[in-house]
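*Asks:* Curious how this folds, go ahead:
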Amino acid sequence: MSGSGKETGAGTLPVVRHSRQVRSKLIWHFVLRLVAAGMIAILLLFGVWLAVADRMMQEDLKGNFAEAGLPLLVDSVQLRDGREEYDPKLLEAVRRSGGWLQTLDERGTVTSSFYTPDDVPLHYDPGELTDYWMKNKPFRYSLYVWIEKKEGRTYTLLYGVKRTGERLLERLHTEAVYEEGRLKLAEPLLQELVRYRASVQLVNGEGGELASLNKREGIPDRYTVEELVLRSGYPNRYGLETASRYDEASGRTWIVTVPLGLPGDGDSGQSPAGDQTPHTTILLGGVFVFVTAVLVLLLALSIWYGRRFGTPMLHMMDWLHTLSQGVYREPEGRPGIPRSRKKSGKLRRKYRLYEDVLQSLDRLTHTLKDNETVKRKLEQTREEWIAGVSHDLKTPLSSIVGYAHMLETDAYEWTNEEVREFASTMKDKAAYMDRLINDLSLTYRLKSGALPMERELCDVSELVRRSVLLFVDDPRFAGTPVTFSGPDEPVLYHVDPKWFRRIVDNVLANALLHNPPDTEVRLSVCPLEPDGFTLDIEDRGRGMNKDTVDWLFERYYRGTNTEGAGNGTGLGMAIAKQLVLEHGGTIQVTSEVGRGTRVILTFGRQGRISGKGAREIEE
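*Replies:* Model (predicted):
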């Protein structure tokens, strides 16, 4: 039958718990974000490492091209039309280092050259090249030889560079200034002197020192002709390379002294002690850049996490606060739009992580709002019910008091028939008051679980049939078509016969009292496997609207009226519902205005008891 309905059950309603789901979401969210942050940090580290390595290589190419650059030149060489082509960037590094480059064939002939001075040979005999390289024969340049096979061809590279002292001397001669007894140098030149631990002296025509920079121990203050010649011609004797240049205009001589073993001094091994400084500086700079980048990343992540997670949390705290103040709606940002929602009604991105929590808060809000509505409705109906009960108690009580005064007066002599009529009326009114008080007591005993149940195995079909017969034989319902149908076999179930018949009486009385006298009412009992049954009570009467159905089982929904049909107390359906629950059943109501009402009582597992003190009765 179509219509609105309401169902209550003895079982506990399932409670939806999202804690594990929310916890899993948070864990995965944080793990993924931290993994992403770790990947970014690794990429930063890799980028910084590449930058540091490139910078160090550039520094090596600049300060010691022989060791760093020659292998790269062979790796980069390509043959095009029989000619050798090198990486332009490496050739530019050759130029910046102040050196030159030659490629020799097997006969010692130069096949290609770059930045080669005019005083460098274009052909070398085997012994000649060896003497230059081993310093057995004077050569103006420090010479480096690199021989490597590539793709079946042997490449012989010669890299020459002016000696460190000579290079520094050229720069000093053009850049240094002597004023007021002091030497003034530009900062880059001064740093290069420190880098190579070079000493600078300016001497006059007599060999006496006028000024000096970075002068080390063992370097004389005055030079004789023999001293300067010996130091310049035999550096190994002194462990120092000495280079000098005479300025004819001033008659002064610039002298630069550099320790042996530096790049440009013919030693392809160790760099000077100071050469570690640029590498250390670059490495420290890379570490600083990486640490700074990581700190910036962590700061950005902290701000991002604070906004992404803090904003929804603050919103939920505001929401809970508004609920505690009795305002049952989500806090709004823009007029009429909750802060967690877009104009389209979808969740904002930062709130999606807490979707389950927000849904729970939304359900809580609606539940509290509905409870508040129910509370106000209960207050209203309770007041109306109390007023009705007071009226219903006062009306029969007034009748009893009135008849008592009439019988008491001496002004009139009542006949025996009149006295019996008065007594009958007083008895009916007193009986109604007794039923009302008993129903009130029963209602609260059921609610508190204090009603004793004496269950026994009964044929519920027979119990229903007897109740129907009592109503059929009642003169008040004469002419009302009430029918009952049940199975031929007994329908056995553990019930309290007294209270089970009370259930049937209350529901059937409700159908008969609140419908026209000619309304058809049908009852049927149907067994359920394995050991249950259903009781179906259906009428074709007035029917009820949804609001009436929703409130049908509330104690305070109706007042009573002793003058109404059947002298009901108005508590019948509330009592019926509680008794059904005590018997371990459910009650469902469907109704439609103008088409009638259907009440279905379902009793399932044998002996099951719901409510307080739930237990099973064994056969």
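*Asks:* for the chain, what are the low-confidence residue spans?
*Replies:* Along the chain, segments meeting pLDDT under 70 span 1-19, 21-22, 62-64, 236, 261-277, 385, 388, 392, 555-570, 605-619.
*Asks:* Specify the residue positioned farthest from the middle of it.
*Replies:* Glu413 (92.3 Å; CA atoms, centre = their mean).
*Asks:* Check the gap between that one and Leu407 for me.
*Replies:* Noted for Glu413: a distance of 11 Å to Leu407, by CB to CB, to the nearest Å. All C-beta spots, glycine's among them, are computed from the backbone N, C-alpha and C.
*Asks:* Tell me where the stretch 1-150 of the chain has strands.
*Replies:* Listed in chain order, the strands of the stretch 1-150 of the chain (DSSP state E, counting those that start in this stretch) span 4-8, 78-80, 83-85, 99-104, 110-114, 141-150.
*Asks:* what's the most buried one of those strands?
*Replies:* Stretch with highest mean neighbour count among those: strand 99-104 (a mean of 21; mean count of other CB atoms under 10 Å).
*Asks:* Find the residue closest to Tyr124 in space, skipping its chain neighbours.
*Replies:* Residue nearest to Tyr124 in three dimensions, not counting chain neighbours: Gly108, with 4.3 Å by CB to CB, 6 or more residues apart in numbering.
*Asks:* coming back round to it: of the strands of the stretch 1-150 of the chain, which approaches Lys427 most closely?
*Replies:* For Lys427, the closest of those is strand 4-8, at 37.6 Å, according to CB to CB.
*Asks:* list the contacts for Ser390?
*Replies:* Not one residue lies near Ser390 by CB atoms under 8 Å, 6 or more residues apart in numbering.
*Asks:* quick one on the thing from earlier: want to throw the strands of the stretch 1-150 of the chain into CSV with distance to His29?
*Replies:* Shown next, in CSV, are those (distance: least, CB to CB, whole Å):
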stretch, distance to His29
strand 4-8, 40
strand 78-80, 52
strand 83-85, 55
strand 99-104, 58
strand 110-114, 59
strand 141-150, 54
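*Asks:* closest to Gly596 out of those?
*Replies:* strand 4-8 (12.7 Å).
*Asks:* Over to Leu185: give its phi and psi.
*Replies:* Backbone torsions for Leu185, taken as degrees, to the nearest 10, come to phi -120, psi 150.
*Asks:* Report the contact partners of it.
*Replies:* Leu185 sits next to 172, 175-177, 193, 213 when contact means CB under 8 Å, 6+ apart.
*Asks:* Just the element for Leu535, please.
*Replies:* Assigned by DSSP states H and E, Leu535 falls within strand 532-539.
*Asks:* Determine how far that strand lies from the middle of the whole chain.
*Replies:* From the chain centre to the centre of strand 532-539 is a distance of 52 Å (CA atoms, centre = their mean, to the nearest Å).
*Asks:* Confirm Lys369 sits in a helix?
*Replies:* Yes: remark: Lys369 belongs to a helix, assigned using DSSP: H, G, I helix; E, B strand; the rest coil.
*Asks:* For burial, what's the neighbour tally of the residue nearest to it when sequence neighbours are not counted?
*Replies:* Residue nearest to Lys369 in three dimensions, not counting chain neighbours: Tyr328, with 3.9 Å by CB to CB, 6+ apart. Per other CB atoms under 10 Å, the neighbour tally for Tyr328 reads 17.
*Asks:* quick one: contacts for Tyr328?
*Replies:* Counting by CB under 8 Å, 6+ apart, Tyr328 makes contact with 365-366, 368-369, 372.
*Asks:* With Arg55 instead?
*Replies:* 282, 286.
*Asks:* now do 6 Å
*Replies:* Applying CB atoms under 6 Å, 6 or more residues apart in numbering, we find Arg55 in contact with Ile282.
*Asks:* Quickly note the distance from it to Gly286.
*Replies:* Per CB to CB, Arg55 is found 8 Å from Gly286.
*Asks:* Phe471 now?
*Replies:* 98 Å.
*Asks:* Phi, psi for Gly541 please.
*Replies:* Dihedral angles phi and psi of Gly541 (degrees, to the nearest 10) take the values phi -90, psi -140.
*Asks:* Could you tell me which residues make contact with it?
*Replies:* Applying CB under 6 Å, 6+ apart to Gly541 gives the contacts 515, 519, 596.
*Asks:* ok, now with 7 Å
*Replies:* Neighbouring residues of Gly541 by CB atoms under 7 Å, 6 or more residues apart in numbering: 511, 515-516, 519, 596-597.
*Asks:* Repeat that for Ser467.
*Replies:* 501, 504-505, 508.
*Asks:* Tell me which helix or strand it sits in.
*Replies:* For Ser467, the host element (DSSP H and E) is helix 460-473.
*Asks:* ok, whichever helix or strand comes after that helix: who's next to it in the sheet?
*Replies:* Heading C-terminal from helix 460-473, the first helix or strand you meet, by DSSP H and E, is strand 482-485. Looking at strand 482-485 with DSSP bridges, its partner strands are strand 521-528 (parallel).
*Asks:* how big is the angle separating the partner strand from strand 532-539?
*Replies:* Using axes from the mean of the first three to the mean of the last three CA atoms, to 10 degrees, the inter-axis angle of strand 521-528 relative to strand 532-539 is 170 degrees.
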